[in-house]
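Would you be able to build a 3D model of this:
(2 chains)
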Amino acid sequence: MTLERVWSYGLGAVLIVALLLPLVGDPRADSFPFSTYPMFSGRQSAEATIPHAVLIDADGERSALPPVAVANDEVVQAFETLRQAVGQGPEATARLCARAADWYAARHEGPARVEIVSDRYDAVAYFEGHKQPISTEVHASCEVTP
Amino acid sequence: MTLAARLDGWWRAPAPARRLAALRILVGGFGVGYVVLRAPNFVSYADFDDSQFAPVGIATLLEGPLPDVALRLLVAATVVAGVAFLAGWRFRISGPGFAFLLLALMTYRNAFGQVFHTENILVLHVLVLGLSPAADALSLDSRGRDSPGDEARYGWPIRLMCIITVLTYFIAGETKLRIAGLDWVTSDSLRNFVAFDNLRKIELGDTHSALGGMLVGERWMFPPLAAFTLAVELGAPLALLGGRIARTWAFLAWAFHVGVVAVMAIIFPYQLIGIAFAPFFAVERLPIRLPAWLTRRSVPGSVARLR
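Below you'll find the predicted structure:
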C-alpha cells in the first residue's frame, strides 16, 4: 500500500469519525467545527423571553439599540450576550448597560437613557397584531453621559 | 470484485487534477474574501467581556481570551496564508497553514457563548484541500508544467468533501429527530421558531424577514416546510450516489437555504453562493484560471531565440 493511499484512508477516516461522533453524545452539546447543529432543532413554544437593549430619548421615545451596541453585528451573538448577562445578575447587566450607553454616546448628542430589558411575548400573536409584551422586566438602567 | 475493491474504487475514483485545483480556487477564494469582509466582526471579539469566553473545539487549549494584538495578527495571517493557498504558492506550507489558521480563527469566533453553524463546511473543506495535492494544476507551484490527468490522488479529496457536506446536513436532521422526534414536523415548532427568530431580530434592532412575519399567520404552511427540511437533511447521503441524484439534492439543499433567507433572514453565504455543493460538479469546466503573468515561467534562452 502506498503512502498516498494510507494518507487518503487515514485522513478520510479521521474526519468522518470526527463528524459522526456528535451523534453518540448529547444532541444539544454544540462545538466547532464538529457539531450536532442543535439550533432550531428542539420544540419551540410560541411564548419567548427576549432580552434586549432599549434607548429612551429626551422625549421618552423608546427604540431598540442594534446588536453592535452590546456585542457585534451578529444578532444571535448580541442575544446570547444579553441572555448571559441577565443570567449572571445585576452586576453583569449594569456593565452591559454602560457599554451600550457608551456606544450610543460616541455616536449621538443629547441626554438619553439605556435600559436592559427582558420582554416576554407570544411571538405568533405578535405577528398577528398583538404587539404588546405579556410581561416586562427591567434588569438595568443607565444614563447616557456625553 | 470484492466489496473492499469496490469500496476502494469508489473512494479513490480518478479525477482530473484541474477539478481539485478549481475547487481550491473556489473554496480558497471564498475563504479569503469571507475573512477580509468579516474582519471587523472577527476582531470585535477583542472587546468582549472576559467572562463571556466559553471555548469550544481547539480554543479549549487557550487559558483565556487572546490579547487584542494576537487576534488582529491571527486575522492578518489567515488572509496572507489564504492568498498563498488560493494562488497555489508553496502549497506544502500554505495549504496546511491556511487550513489551520482558518480553523483557529473560526473556532475563536465561536468561543463567546454563541456557536454559529455557517462556517463548519467551509473550514472542513479547506482542511481537506490544504492536506491534499490541490495545487498540482492552476497554481504558481505548477507553472510551466502540464496538468496531470485523471488520478486517484485527485479523486478522494473531492469524495471526502462531498461526504463532509452530506454528513453535515444528515446530522442536522438526525439531531431534530433525536430532540423533538416527528413533532418537529407535525407540531407548531417551525412556525414558532420563525416567529421567535424574527421577533428577536426586531427587538434587537436588526433586519428581519417581513415575509416570515407574514407567513406566521399561515399555520398550514409550516408542516410541509418542516417535512421538506427534514427530507433534504436526512436524504443528503443519497447525493453520494452521484450523477443526477447528487445534482438534484444539491439544488434542493440550495433552495432550502434560499427559503431560510426569505423566511428568517439567516444567511449561509458558503451554501448560498453554491460553493458548498461545488464538489458534486465538474467545476474544472468553469472558466477558472490564474492570471497569465502569474503562471508564466520564463524559459532560459527564450529571449535569444526570439531575436
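
Tell me how many other residues crowd residue 107.
All of this is about chain A. 7 (other Cβ atoms under 10 Å in any protein chain shown). For the C-beta atoms, the positions are set from N, CA and C on the backbone; glycine is no exception.

The chain in question should be chain B.
For residue B:107, the neighbour count with other Cβ under 10 Å is 23.

Surely it forms part of a helix?
Yes: under DSSP: H, G, I helix; E, B strand; the rest coil, residue B:107 falls within a helix.

Was I right to think it contacts residue B:59?
Yes: between residue B:107 and residue B:59 there is a contact under Cβ atoms under 8 Å: 4.8 Å.

Which residue ranges of chain A form strands?
In chain A, the strands defined using DSSP state E lie at A:47-57, A:62-64, A:112-122, A:135-143.

need the ones you listed in TSV with distance to chain B and mean neighbour count, can you?
Formatted as TSV, the strands of chain A follow (distance: least, Cβ to the nearest Cβ, whole Å; neighbours: other Cβ atoms under 10 Å in any protein chain shown):
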stretch	distance to chain B	mean neighbour count
strand A:47-57	4	20
strand A:62-64	4	13
strand A:112-122	6	21
strand A:135-143	11	15
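
mind giving me TSV with these and columns for mean pLDDT and distance to residue B:254?
What follows is the strands of chain A, written out as TSV (pLDDT from 0 to 100; distance: least, Cβ to Cβ, whole Å):
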stretch	mean pLDDT	distance to residue B:254
strand A:47-57	96	30
strand A:62-64	94	32
strand A:112-122	97	33
strand A:135-143	97	41
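
how about CSV for the ones you listed, with distance to residue B:279 added?
Formatted as CSV, the strands of chain A follow (distance: least, Cβ to Cβ, whole Å):
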stretch, distance to residue B:279
strand A:47-57, 38
strand A:62-64, 41
strand A:112-122, 42
strand A:135-143, 47
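
quick one, which of the ones you listed is nearest to residue A:70?
Nearest to residue A:70, of all the strands of chain A, is strand A:47-57, at 5.3 Å by Cβ to Cβ.

Tell me the strands beside that closest one, with direction?
strand A:62-64 (antiparallel), strand A:112-122 (antiparallel) (DSSP bridges).

Mind listing residues that contact the shortest one?
Contact partners of strand A:62-64, identified using Cβ atoms under 8 Å, 6 or more residues apart in numbering or on different chains, comprise A:52, A:53, A:54, A:55, A:56, A:57, B:202, B:203, B:204, B:205.

so how far is chain B from the spatially most central residue of chain A?
For chain A, residue A:79 is the residue whose C-alpha lies nearest the centre (Cα atoms, centre = their mean; 1.7 Å). Distance of residue A:79 to chain B, computed by Cβ to the nearest Cβ, to the nearest Å: 6 Å.

which residues does that residue contact?
A:50, A:51, A:67, B:114, B:200, B:204.

Spatially, which residue comes closest to residue A:11, not counting chain neighbours?
Of all residues not flanking residue A:11 in the chain, residue B:131 sits nearest, at 6.0 Å (Cβ to Cβ, 6 or more residues apart in numbering or on different chains).

Return the residues in contact with the one you found.
If you count contacts by Cβ under 8 Å, 6+ apart, residue B:131 has them with A:11, B:95, B:96, B:99.

correct me, but the last one touches residue B:126?
Pointing back at residue B:99 there. Yes: at 5.0 Å, residue B:99 and residue B:126 qualify as touching, with contact defined as Cβ under 8 Å.

would you list every one of the helices in chain A?
Per DSSP state H, chain A carries helices over the ranges A:3-20, A:75-88, A:90-105, A:123-127.

Make TSV out of the ones you listed and add mean pLDDT and distance to residue B:163.
Shown next, in TSV, are the helices of chain A (pLDDT from 0 to 100; distance: least, Cβ to Cβ, whole Å):
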stretch	mean pLDDT	distance to residue B:163
helix A:3-20	97	6
helix A:75-88	96	28
helix A:90-105	96	42
helix A:123-127	97	37
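
Looking at those, which is nearest to residue B:6?
Closest of the helices of chain A to residue B:6 is helix A:3-20, at 15.0 Å (criterion: Cβ to Cβ).
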